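Novice: sequence unknown, structure follows:
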């Protein structure tokens, strides 16, 4: 079995990593994290290169990349921050729902400005009483002539507050737990939509929010699919989402470990570099094994998806393992850097904060293990 990239894949890998190093950089990423500002300049550069369209079919102006090429992209853009990667990927996930399940009019209206970087997407499913039990949501949509009236409360809706953003909102239109859910495209400037940014320890650049819908009137043509299709629409992209998240965890863990190695080589205590102490170099050696194992899980899952095979277990294994590895690597990095790990300019505290979020966001580690067990027949 040959684990090497093809020439095309290697070129793509080198291109995206060079972009992150030369056009974005760690200082730019750190600055936007500290200021809690969206990385608009970098986002526009990604749009100008056409990369926002990686998941969009060619007939709608996209690049139709396969899962391996997409995983390569996600691993690279998380090089300095999982939040930076989320700032790009959140819109990309939701755009696929429009491309794959939307009407021709929805595609004409939303996809060109998205691909140009002028319009962003957010997705709103979670509620104060519906997190891992996503289908337990209570936000309701009631038909009123040519419109639907939305009432309810959503939480942890990343990027929903950004200018010119359309929120793909899941709401209850029927009594059945899953078949009673529908998805609506809700422009965030809609009357009756109150968006409040949350002061979280992560999602600083992208931002995450709480939303209150109070008699928000949504045109009937803004529904994606038919009434009751919402759950199937969301589930159709979950394998891609979990794959891409796992890839970002690997990309960030790689940087966190490299930073730890560099620091321990250069930091001297008791007359010799920290990297010479057995307890530290054994930790780093173990982390090296784990990062490489996580990476292999990611590309194994990507290869299965690219062949059109069922890979639900594979992407869940990749996500849960890579999240655990990212946290362990950044935790060990915090220990190795000691007091300096607390300073933003050393970046490790950002890796640590964001790795902890990786164990919850996009489906908790516990939910991933439940999925894996179910796929095992347990």
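Specialist: Here it is on my side, so go on. A quick note: this is a predicted structure, and the numbers were derived from the prediction, not measured.

Novice: Please count neighbours and contacts with C-alpha atoms only from this point.
Specialist: Will do.

Novice: what separates stretch 140-154 from the chain centre, distance-wise?
Specialist: The chain centre lies 28 Å from the centre of stretch 140-154; the measure is Cα atoms, centre = their mean, to the nearest Å.

Novice: end to end, how far does it reach?
Specialist: Terminal residues of stretch 140-154 lie 11 Å apart, using Cα to Cα, to the nearest Å.

Novice: Would you confirm that residue 54 contacts residue 64?
Specialist: Yes: using Cα atoms under 8 Å, residue 54 is in contact with residue 64, at 5.5 Å.

Novice: Looking at those two, which one has more neighbours?
Specialist: residue 54 (21 against 16; other Cα atoms under 10 Å).

Novice: pLDDT score for that one?
Specialist: Here, the pLDDT recorded for residue 54 equals 98.

Novice: quick one: contacts for it?
Specialist: Listed by Cα atoms under 8 Å, 6 or more residues apart in numbering, the contact set of residue 54 reads 62-65, 70.

Novice: for residue 187, same thing?
Specialist: Residue 187 is in contact with 164-167, counting by Cα under 8 Å, 6+ apart.

Novice: tell me which helix or strand of this protein sits lowest on mean pLDDT?
Specialist: Lowest by mean pLDDT, DSSP states H and E among the helices and strands of the chain is helix 230-235, with a mean of 92.

Novice: Phi and psi next, for residue 224.
Specialist: Here is the backbone geometry of residue 224 (degrees, to the nearest 10): phi -90, psi 120.

Novice: chain center to stretch 206-214, what's the gap?
Specialist: Relative to its chain's centre, stretch 206-214 lies at 17 Å (Cα atoms, centre = their mean).

Novice: which residues of the protein score low on pLDDT?
Specialist: Across the chain, nothing is flagged by pLDDT under 70.

Novice: where exactly do the helices run in it?
Specialist: Using DSSP state H, the helices assigned to the chain run over residues 7-19, 26-35, 40-48, 67-77, 82-101, 104-115, 230-235, 238-266, 278-306, 312-337, 348-358, 365-375.

Novice: Could you export the ones you listed as JSON lines, including distance to residue 58?
Specialist: Listed next are those as JSON lines, based on distance: least, Cα to Cα, whole Å:
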{"stretch": "helix 7-19", "distance to residue 58": "18"}
{"stretch": "helix 26-35", "distance to residue 58": "31"}
{"stretch": "helix 40-48", "distance to residue 58": "16"}
{"stretch": "helix 67-77", "distance to residue 58": "15"}
{"stretch": "helix 82-101", "distance to residue 58": "10"}
{"stretch": "helix 104-115", "distance to residue 58": "12"}
{"stretch": "helix 230-235", "distance to residue 58": "20"}
{"stretch": "helix 238-266", "distance to residue 58": "18"}
{"stretch": "helix 278-306", "distance to residue 58": "17"}
{"stretch": "helix 312-337", "distance to residue 58": "25"}
{"stretch": "helix 348-358", "distance to residue 58": "31"}
{"stretch": "helix 365-375", "distance to residue 58": "32"}
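
Novice: and residue 47, how many neighbours?
Specialist: Each residue near residue 47 was counted by other Cα under 10 Å, and the total is 18.

Novice: measure the residue nearest to it when sequence neighbours are not counted to residue 36 for me?
Specialist: Leaving aside its sequence neighbours, residue 47 sits nearest to residue 117 (Cα to Cα, 6 or more residues apart in numbering; 5.2 Å). As defined by Cα to Cα, residue 117 lies at a distance of 20 Å from residue 36.

Novice: Which of the two has more residues huddled nearby?
Specialist: A direct count of neighbours by other Cα under 10 Å for residue 117 and residue 36 places residue 117 higher, at 19 against 16.

Novice: so that one touches residue 51, yeah?
Specialist: No: applying Cα under 8 Å, one finds residue 117 not in contact with residue 51, separated by 10.1 Å.
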